[in-house]
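Enquirer: Structure for this input, please:
(2 chains)
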Amino acid sequence: NAGVTQTPKFRVLKTGQSMTLLCAQDMNHEYMYWYRQDPGMGLRLIHYSVGEGTTAKGEVPDGYNVSRLKKQNFLLGLESAAPSQTSVYFCASSYPKVGPRNSGANVLTFGAGSRLTVL
Amino acid sequence: AQSVTQLGSHVSVSEGALVLLRCNYSSSVPPYLFWYVQYPNQGLQLLLKYTTGATLVKGINGFEAEFKKSETSFHLTKPSAHMSDAAEYFCAVSVGLAGGYNKLIFGAGTRLAVHP
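Expert: Take a look at the predicted model:
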């Protein structure tokens, strides 16, 4: 049971380059999320998706784009990388317990993380 | 706005000693609260959660947390630390989004060190 798989695990970019992080889950989860983790700041939500074909902005969406063309995949794109985007990125997914109004109790399953360095 | 504050970015205990990691939250509605653990170079995994009902919640690996509404706290404890408990611990509160969905707001994390 793979759970949530993120690729690549490590990447070094130069300022201005673009890249895409891929998140894949095999648990048939409806909800997917992208977080970034920075020292002393915990995890902050970048974008999220509540179903195939839908995406929404989180707390820190600037400089990122996402797509959810297939239910099992959630892509995070950086069009023009900046040093401020150096971080560890985590993808997570969850299954709504009983519809969206009870989704507060959802448990998130996290991937192992993708460490991105922008020079 | 909902938020989470974890007191102490680093906590160090001796093996066999009590572990106490502090978490306070602010929420305008009854909260759903979570503790996640992150071992080195790994993703986060759920330790325990509080939704409704019993305020003392037991989790994996001998951890437990007590929801105290009057103190807006959800502190994590373990009676006897083990070397394998060394990790970073995150407290989180579930926050409502437009359309009735929820997201997690995380605290800054507490790194637990366990020494012999």
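Enquirer: Now do the contacts for the residue positioned nearest the centre of chain A.
Expert: The residue lying closest to the centre of chain A (Cα atoms, centre = their mean) is residue A:34, at 2.1 Å. With contact taken as Cβ atoms under 8 Å, 6 or more residues apart in numbering or on different chains, residue A:34 is in contact with A:21, A:23, A:45-48, A:58, A:64, A:66, A:74, A:76, A:89-91. Just so you know, the C-beta spots here come from the backbone N, C-alpha and C atoms, and that holds for glycine as well.
Enquirer: go on, residue B:83?
Expert: B:15, B:114, B:116.
Enquirer: which residues in chain A form strands?
Expert: A:4-7, A:10-13, A:19-25, A:31-38, A:42-51, A:54-57, A:65-67, A:73-78, A:87-94, A:109-110, A:114-118 (DSSP state E).
Enquirer: no wait, chain B
Expert: B:3-7, B:10-14, B:19-26, B:33-38, B:44-50, B:56-58, B:64-68, B:73-78, B:87-96, B:102-106, B:110-115.
Enquirer: Check those strands for me: which has the lowest mean pLDDT.
Expert: Lowest mean pLDDT within the strands of chain B: strand B:102-106, at a mean of 85.
Enquirer: so what does that strand touch, helix or strand wise?
Expert: Helices and strands touching strand B:102-106, by 3 or more Cβ pairs under 8 Å, 6 or more residues apart in numbering or on different chains; DSSP states H and E, are strand A:42-51, strand B:3-7, strand B:87-96.
Enquirer: between the last one and strand B:3-7, how big is the angle?
Expert: Interaxial angle of strand B:87-96 relative to strand B:3-7 (axes from the mean of the first three to the mean of the last three Cα atoms, to 10 degrees): 160 degrees.
Enquirer: by contact count, what packs against strand B:87-96?
Expert: strand B:3-7, strand B:19-26, strand B:33-38, strand B:73-78, strand B:102-106, strand B:110-115.
Enquirer: how does it look with 6 Å?
Expert: strand B:3-7, strand B:19-26, strand B:33-38, strand B:102-106 (3 or more Cβ pairs under 6 Å, 6 or more residues apart in numbering or on different chains; DSSP states H and E).
Enquirer: cool, and the shortest one?
Expert: On a contact count with 3+ Cβ pairs under 6 Å, 6+ apart, strand B:3-7 meets strand B:19-26, strand B:87-96.
Enquirer: Which one of those strands lies nearest to residue B:68?
Expert: strand B:19-26 (9.7 Å; Cβ to Cβ).
Enquirer: Can you give the distance of that closest one from its chain's centre?
Expert: 6 Å (Cα atoms, centre = their mean, to the nearest Å).
Enquirer: tell me the most buried of the helices and strands packed on strand B:102-106?
Expert: strand B:87-96 (a mean of 23; mean count of other Cβ atoms under 10 Å in any protein chain shown).
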